[in-house]
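Engineer: With the sequence up front, the predicted model follows.
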Amino acid sequence: MPQPDYPAPCVPGADALSLDAAIGQTLCFGWSGEDADTANEHARLLVEEMQVGSVVLLARNVGTPLATRATLDTLQSLASVPLLVAIDHEGGMVCRFGQDLHTFPGNMALAATGDASASGWAYRQGAAQARELSAIGIGCNLAPCLDVNSNPDNPIIGVRSFGDNAATVSTLGCHVISGLQECGVVACAKHFPGHGDTSIDSHLGLPRVDGSWSHIEAVELPPFRAAIAAGVAAIMTTHIVFPALDPTRPATLSPDILTGLLRERLGFGGVVVTDCLEMAAISESVGTPAGAVAALQAGADLVMVCHTLETQRETVRAIRHAVDAGVLSESRVRDAACRVLAAKRRFPLTTEASEPWLDPAHDALEAAIARASITLARDKGAVPIPVNATVCVASLHPAADDLLAEMRGLGVHCRRVALQDEHAGGFGEVTNLSDMMSADRTVLLTAPREPWSDRPIDQDRQAAIARTLQTALGDRLIVVAVREPYDIRRFPEIGTYVCTYGYRHCSIAALAQALVGAFKPTGRLPVAIPLPT
């Protein structure tokens, strides 16, 4: 990889900055645009006009690793203070680069491996992620999720969590943090004080967690206490109301939570980052600009606004106006800027000529974690599939095509079976049932609704298909949950049930190998699944 042709600027102290420059250090903004291979006009305005100290990359902003590095080099050359570049690269289902970097199977898959050792899979995954990100010029991974997924109906966390046990989340989260930070990348634990017990997505509304203080202290806070003790550099807030902590304000805007609890009670001295303030929980209540002011007043250090140029300009103006009017103290702004600058000094930008995303050792690590995570949660003898068996693959989810290709690559006589009106409403009858009746095995992949997708899955229809096939095929049916292990709650009569915790290629490849007996699945469920009685 070519070296940048600009000198790396030093990181000044907050007192050396003008007020506008200090405000800039409290801003983490993203940019819009369809061309991911250049620093477009929006991106340049963030650095040159608004003097932002940090930028966040979303999927629309990333091209190939080398093209993205060139874009970031351009932006860094425009900045008077080094930019902190952040990205969501949790592993599993949330990876902005997709397959251009190693996605790894994700947090719940890591927990399913049963490896909680300090130098085990979680640490090694964090270290590999850090190597790949830093070589591109990305200095902050907005990960790991330390949410304890205690609510099976959680629409946004799920497999992004290590599980429903606070001790497991604490242990594995700290191992990922160590892997990231020992390899030079800021880890940002999220979503404080916990997003695991919600049934509303804060992107779409304002959730509440009505648990008592004792419940929050016992379930939600232990992973964050552990992360603070482990030296995590940053913690991200969540836009959720916790009445036991603050009866009216979401955590992001609450001095009681950010200052009283996180700073004073838990002793966190690092960077407090807000989740995006354009999410509906903030933008449709107090509004993004006012939310940024309130977050800084509450104790946040870095306010994130990911999308809209004019909203970002209004946010900068709102912060400056609040300082000028005495509503937000200049000392609070400089204190926030000081923490951001301290993180930049602790994790300075590095330049690496190699391309670690091409490292075969990372390929092997990703595949090994995926294999170790595959969980045979219920077994009626359908796995492994016999040699020379005929196999049908069916699903309302496109991951079936990936599985079909992988199984064919392993020499399995395998075909995709369509389901009637596969992308339409209503569940009707299963077509080609005779084909499945004549096959030795049928593999049905299930997935949650995923409202952000183009074709959200009809959960009633999916469950009806599973029950129909179980009745017709009995022990020749294998149901695979390719994301949330909770799917079986809708069809508890299923006899053979496999969990992958994600449908990234590494997980589907491992699934195919497990189904044909290339290895015996040893994964274990990291969550309890409440089944109807």
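Structural biologist: Sure, I can see it.
Engineer: Which positions are bridged to residue 241 in the beta structure?
Structural biologist: residue 208, residue 250 (DSSP bridges).
Engineer: what sits against it?
Structural biologist: 206, 207, 208, 209, 247, 248, 249, 250, 251 (Cβ atoms under 8 Å, 6 or more residues apart in numbering). In short, each C-beta sits where N, CA and C put it, glycine included.
Engineer: quick one: which of those residues is nearest to residue 434?
Structural biologist: Comparing these against residue 434 with Cβ to Cβ places residue 207 closest, at 46.3 Å.
Engineer: And the closest one, how far from residue 195?
Structural biologist: In this view, residue 207 and residue 195 are 8 Å apart by Cβ to Cβ, to the nearest Å.
Engineer: re the thing from before, for PyMOL, what selects the buried ones among the contacts of residue 241?
Structural biologist: Provided next is the PyMOL selection string for whichever of those are buried by 16 or more other Cβ atoms under 10 Å:
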select buried, resi 206+207+209+249+250+251
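Engineer: Quick check: of the contacts of residue 241, which lies closest to residue 12?
Structural biologist: Among these, and counting by Cβ to Cβ, the member closest to residue 12 is residue 251, at 31.0 Å.
Engineer: Now do the same for the closest one: its pLDDT.
Structural biologist: Looking at residue 251, its pLDDT reads 97.
Engineer: ok, now the one 10 residues further on?
Structural biologist: We have a pLDDT of 98 for residue 261.
Engineer: State the phi and psi torsions of it.
Structural biologist: Dihedral pair for residue 261: phi -90, psi -60, per degrees, to the nearest 10.
Engineer: Quick check: residue 415 touching residue 393?
Structural biologist: Yes: using Cβ atoms under 8 Å, residue 415 makes contact with residue 393 at a distance of 7.2 Å.
Engineer: The two: who's more crowded?
Structural biologist: Taking neighbours as other Cβ atoms under 10 Å, residue 415 and residue 393 compare with residue 393 leading, 26 against 16.
Engineer: can you confirm the more buried one is in a helix?
Structural biologist: No: with DSSP: H, G, I helix; E, B strand; the rest coil as the criterion, residue 393 is strand rather than part of a helix.
Engineer: Tell me how far it lies from residue 456.
Structural biologist: 21 Å.
Engineer: ok, now residue 170?
Structural biologist: 33 Å.
Engineer: neighbour-wise, which of those two wins?
Structural biologist: residue 170 (22 against 13).
Engineer: contacting residues for the residue nearest to that one when sequence neighbours are not counted?
Structural biologist: Nearest residue to residue 170 in three dimensions, chain neighbours excluded: residue 226, at 3.9 Å (Cβ to Cβ, 6 or more residues apart in numbering). The contact partners of residue 226, by Cβ under 8 Å, 6+ apart, come to 170, 171, 173, 174.
Engineer: Please give the element, helix or strand, for the second one.
Structural biologist: Assigned by DSSP states H and E, residue 171 falls within helix 166-182.
Engineer: Give the next helix or strand downstream of that helix.
Structural biologist: Moving toward the C-terminus from helix 166-182, the next helix or strand (DSSP H and E) is strand 186-192.
Engineer: Surely residue 300 touches residue 236?
Structural biologist: No: using Cβ under 8 Å as the test, residue 300 is too far from residue 236 to be in contact (9.7 Å).
Engineer: Could you tell me which residues touch both of residue 415 and residue 393?
Structural biologist: residue 404.
Engineer: Show me the two of the contacts of residue 226 that sit farthest apart.
Structural biologist: By the measure Cβ to Cβ, 171 and 173 form the most distant pair in the contacts of residue 226, at 7.2 Å.
Engineer: Please identify which of the two sits among more neighbours.
Structural biologist: Taking other Cβ under 10 Å, residue 171 and residue 173 do not tie; residue 173 has more neighbours (30 against 19).
Engineer: my guess is that one meets residue 146, correct?
Structural biologist: Yes: counting by Cβ under 8 Å, residue 173 does reach residue 146; the two are 4.7 Å apart.
Engineer: Pull the residues that contact stretch 339-346.
Structural biologist: 11-14, 25-26, 53-54, 81-82, 84, 139, 186, 233-234, 269-272, 301-302.
Engineer: Just the buried residues from the residues you listed, in PyMOL please.
Structural biologist: This is how PyMOL selects the buried members of those, with burial counted by 16+ other Cβ under 10 Å:
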select buried, resi 11+12+14+25+26+53+54+81+82+84+139+186+233+234+270+271+272+301+302
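Engineer: and residue 464, what helix or strand is that in?
Structural biologist: helix 459-473.
Engineer: Can you give me the buried ones in that helix?
Structural biologist: For helix 459-473, a neighbour-count test (16+ other Cβ under 10 Å) marks 461, 462, 463, 464, 465, 466, 468, 469, 470, 473 as buried.
Engineer: Distance check, the first one against residue 277.
Structural biologist: Summarising the geometry, the distance separating residue 461 from residue 277, computed by Cβ to Cβ, is 37 Å.
Engineer: So what's the residue count around residue 133?
Structural biologist: Counted with other Cβ under 10 Å, the neighbours of residue 133 add up to 28.
Engineer: Determine the angle, from 0 to 180 degrees, between the helix holding residue 171 and strand 186-192.
Structural biologist: Put simply, helix 166-182 runs at 150 degrees to strand 186-192, going by axes from the mean of the first three to the mean of the last three Cα atoms, to 10 degrees.
Engineer: Centre of the chain to helix 166-182, how far?
Structural biologist: How far helix 166-182 lies from its chain's middle: 15 Å, per Cα atoms, centre = their mean, to the nearest Å.
Engineer: Can I get it as CSV, trimmed to CA atoms?
Structural biologist: Written as CSV, here are the backbone C-alpha positions of helix 166-182 (Å, rounded to 0.1, in the frame of the first residue of the first chain):
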residue,chain,number,x,y,z
ALA,A,166,-23.9,-10.7,31.7
ALA,A,167,-20.7,-12.6,32.7
THR,A,168,-20.2,-14.0,29.2
VAL,A,169,-20.8,-10.6,27.6
SER,A,170,-18.3,-9.1,30.0
THR,A,171,-15.6,-11.6,29.4
LEU,A,172,-15.8,-11.9,25.6
GLY,A,173,-16.4,-8.1,25.2
CYS,A,174,-13.2,-7.4,27.1
HIS,A,175,-11.2,-9.9,25.0
VAL,A,176,-12.4,-8.1,21.8
ILE,A,177,-11.5,-4.8,23.3
SER,A,178,-8.0,-6.0,24.1
GLY,A,179,-7.5,-7.4,20.6
LEU,A,180,-8.5,-4.1,19.0
GLN,A,181,-6.7,-1.7,21.3
GLU,A,182,-3.5,-3.7,21.6
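Engineer: Which secondary structure elements does it sit against?
Structural biologist: helix 107-112, helix 121-136, strand 186-192, helix 222-229 (3 or more Cβ pairs under 8 Å, 6 or more residues apart in numbering; DSSP states H and E).
Engineer: Pull out the buried positions in it.
Structural biologist: The neighbour-count check on helix 166-182 (16+ other Cβ under 10 Å) flags 166, 168-181 as buried.
Engineer: which one of the residues you listed is nearest residue 219?
Structural biologist: Closest approach to residue 219 among the buried residues of helix 166-182 (Cβ to Cβ): residue 166, at 5.5 Å.
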